[in-house]
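J.: Here is a sequence together with a model predicted from it:
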Amino acid sequence: MEDIKDSEIRIIGKDETFDKNTVPVNPSAESSKDDSVLEKKSFDREEGRYNKPKDGWSIRKLLILFVLFVIVANVLFYIFKGSMSQPPVEARMNGVEELENAMFDPEVPEGQFESEVSAANTMILDDIPVTSSTSAVPHCQEKMVEINGIELKLMIPMDAVPKFVVGKIDPNDANIVLALQAADIRKDNGEIVGACVYNGEVVGKGLAKKGYVSIIQGKMRIGVTDHSPLFEAAIQEGGDFFRQYPLVADGVMIENQPKGKAVRRAICQRGSNFFVAESLTPESFHDFAQALQDLNVDNAVYLVGSQYALGFLRDINNKLHEWGESKFAKAKNISYLVWKKE
Amino acid sequence: MTPHLTISNTIGLYRFPIDSIVYIAAEGNYSRFKMADDDEQVLVCQLGQLEEIMREQLNKEDNRFLRVGRSLIINLDYVYVINPSKGQLILSNGCGVRYPITASKDALTALKNAYDNGVIK
């Protein structure tokens, strides 16, 4: 079946496509039979009459072939050149958006960011606690780790259930032990970037990013795919689904296109446990994803980064720790990934 | 019994009464079905794939579905107003429920001309 342009229409079941002049763009098999008797014709709009078609390749096809040839030649050139400045082919194929479109994650020029923690405690990787049955009081544990020179703060919600929330949340809600901004928001129109489902309702469209987080009946899943059946499942079961940049899939880091450095955050999965990792210093996507891979996470999906993005946690003493610029709390379609007491 | 359009995927199986499908709109890799009772269903399926499924399942004499550009399939039985200058198409179930949708002006001109010239009856 031939592709169709936005300016054309086609009756399903017939192969004829029409443009606004009601001229068949691609005559069907049936029409072709008729044409074999009457000779194949094409419509000359300037002359207002049908002409005999030209034999061989049309100019349009030759032009498409030429453009394809140029694209393939360029791709091959960059592959062989091994240019480091060129975004990875995988990232370009992924179609990931530049972060400039996002409201948060402004990149920080080096030297302008002062780390709040000058030295992180190195910990044994296997020392990350499991996220349940460790204490009677739901809370969020904080762990500092240093992975190949990158300092990370791990936020591990204990005995709490995850939920995706679109709209304002109250840091004084004592039931919330951890909250972080989740889906990106477009700077231009305030819409959520990428497909998004909230309580079974579709609140965002498109496939800007291939990482996903779904929470259906309290069960969180994260991963990377073009189109996930979890999107439908979220709609049908009143669950949640949003998209973000994929960072690690099945233990292997994924390259992303956006350049520059910023404070990075990610939801990470190790086995059946989920926790959030935050870089204590501005890092590139590549270095952050590499650190998460080295942390032996199975999967990791980005969350809204930068020092401006909002979030808070409650420690074991029920003390509230907040971060981010509160002026963004009223942003249209702001969304959070939260863990609440059951 | 009313014929159905049957779509099976990893989530489950969907049977849409063909008469009740008003239009199907593309949303990236997803497609949104709008039904005559105002119900909506979003499926993980590209519009091009749906068109193939419809070609396979619809009766060959059944010419009521029209692909309008890259983002829309409409049921011609519901076409109520075509306004190419505004890029607006209004579908109606005939019982007072209207479904205004937008499409390219050229595609709507093609649709109007197809009616005017008898290509679509």
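T.: Perfect, thanks for sending it. Keep in mind that this is a model prediction, so the values were computed, not measured.

J.: and the nearest residue to A:Gly239 once chain neighbours are set aside, how far is that from chain B?
T.: Leaving aside its chain neighbours, A:Gly239 sits nearest to A:Ile216 (3.4 Å; criterion: C-beta to C-beta, 6 or more residues apart in numbering or on different chains). (C-beta placed from N, C-alpha, C; glycine too.) Distance, A:Ile216 to chain B, by C-beta to the nearest C-beta, to the nearest Å: 11 Å.

J.: What strand or helix carries the residue in chain B positioned nearest to chain A?
T.: Proximity to chain A, evaluated over chain B using C-beta to the nearest C-beta, is greatest for B:Asp106 at 3.4 Å. Using DSSP states H and E, the element containing B:Asp106 is helix B:105-116.

J.: who's in contact with A:Gln196?
T.: Careful, residue A:196 is Cys; it's not Gln. By C-beta atoms under 8 Å, 6 or more residues apart in numbering or on different chains, the contact set of A:Cys196 is A:Val166, A:Ala183, A:Val202, A:Val203, A:Gly204, A:Lys205, A:Phe241, A:Phe242, A:Arg243, A:Ser335.

J.: if I look at A:Ala195, how far off is A:Lys210?
T.: Per C-beta to C-beta, to the nearest Å, A:Ala195 is found 11 Å from A:Lys210.

J.: Looking at those two, which has the bigger crowd around it?
T.: A:Ala195 (28 against 24; other C-beta atoms under 10 Å in any protein chain shown).

J.: Residues of chain B that sit close to chain A?
T.: B:9-11, B:27-30, B:42-44, B:48, B:51-52, B:54-55, B:58, B:60, B:62-63, B:65-71, B:73, B:103-104, B:106-107, B:109-111, B:113-114, B:117, B:119-120 (C-beta under 8 Å from any C-beta of the partner chain).

J.: Only the buried subset of those residues, as a ChimeraX command please.
T.: Buried members of those can be picked out in ChimeraX with the line below, counting by 16 or more other C-beta atoms under 10 Å in any protein chain shown:
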select /B:27,28,29,30,42,43,44,51,54,58,65,66,67,68,69,70,71,73,103,104,106,107,109,110,111,113,114,119,120
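
J.: Looking at the residues of chain B next to chain A, which are in helices?
T.: If you go by DSSP state H, the residues of chain B next to chain A have B:Gly48, B:Glu51, B:Glu52, B:Met54, B:Arg55, B:Asp106, B:Ala107, B:Thr109, B:Ala110, B:Leu111, B:Asn113, B:Ala114 in helices.

J.: Put together CSV for the residues you listed, with distance to A:Lys340 and pLDDT on each row.
T.: Listed next are these as CSV, based on distance: C-beta to C-beta, whole Å; pLDDT from 0 to 100:
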residue, distance to A:Lys340, pLDDT
B:Gly48, 42, 90
B:Glu51, 44, 92
B:Glu52, 44, 91
B:Met54, 44, 93
B:Arg55, 48, 91
B:Asp106, 51, 91
B:Ala107, 48, 92
B:Thr109, 54, 93
B:Ala110, 53, 92
B:Leu111, 51, 93
B:Asn113, 58, 91
B:Ala114, 55, 90
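
J.: Out of those residues, the closest to B:Val97 would be?
T.: B:Leu111 (20.7 Å; C-beta to C-beta).

J.: got a list of what the closest one touches?
T.: Shown in contact with B:Leu111 (C-beta under 8 Å, 6+ apart): A:Ile9, B:Leu66, B:Val68, B:Val79, B:Ile82, B:Pro84, B:Leu89, B:Ile120.

J.: Excluding chain neighbours, give the residue nearest to the first one in space.
T.: The spatially closest residue to A:Ile9, leaving aside those adjacent along the chain, is B:Ala110, at 4.7 Å (C-beta to C-beta, 6+ apart).

J.: can you check B:Phe16 too?
T.: Closest residue to B:Phe16 apart from its sequence neighbours, by C-beta to C-beta, 6+ apart: B:Leu5 at 4.5 Å.

J.: wait, is the one you found part of a helix?
T.: No: B:Leu5 is assigned strand when assessed by DSSP: H, G, I helix; E, B strand; the rest coil, not a helix.

J.: what's the distance between it and B:Met35?
T.: Taking C-beta to C-beta, one finds B:Leu5 at 11 Å from B:Met35.

J.: okay, and the common contacts of the two?
T.: Common neighbours of B:Leu5 and B:Met35 are listed as B:Phe16, B:Ile21 (criterion: C-beta under 8 Å, 6+ apart).

J.: So which of these two has more stuff around it?
T.: Higher neighbour count among B:Leu5 and B:Met35: B:Leu5, with 19 against 16, using other C-beta under 10 Å.

J.: Mind pulling up the pLDDT for that one?
T.: Note for B:Leu5: predicted pLDDT of 93.

J.: In the stretch 201-342 of chain A, which residue sits closest to chain B?
T.: Closest point on the stretch 201-342 of chain A to chain B, by C-beta to the nearest C-beta, is A:His227, at 4.0 Å.
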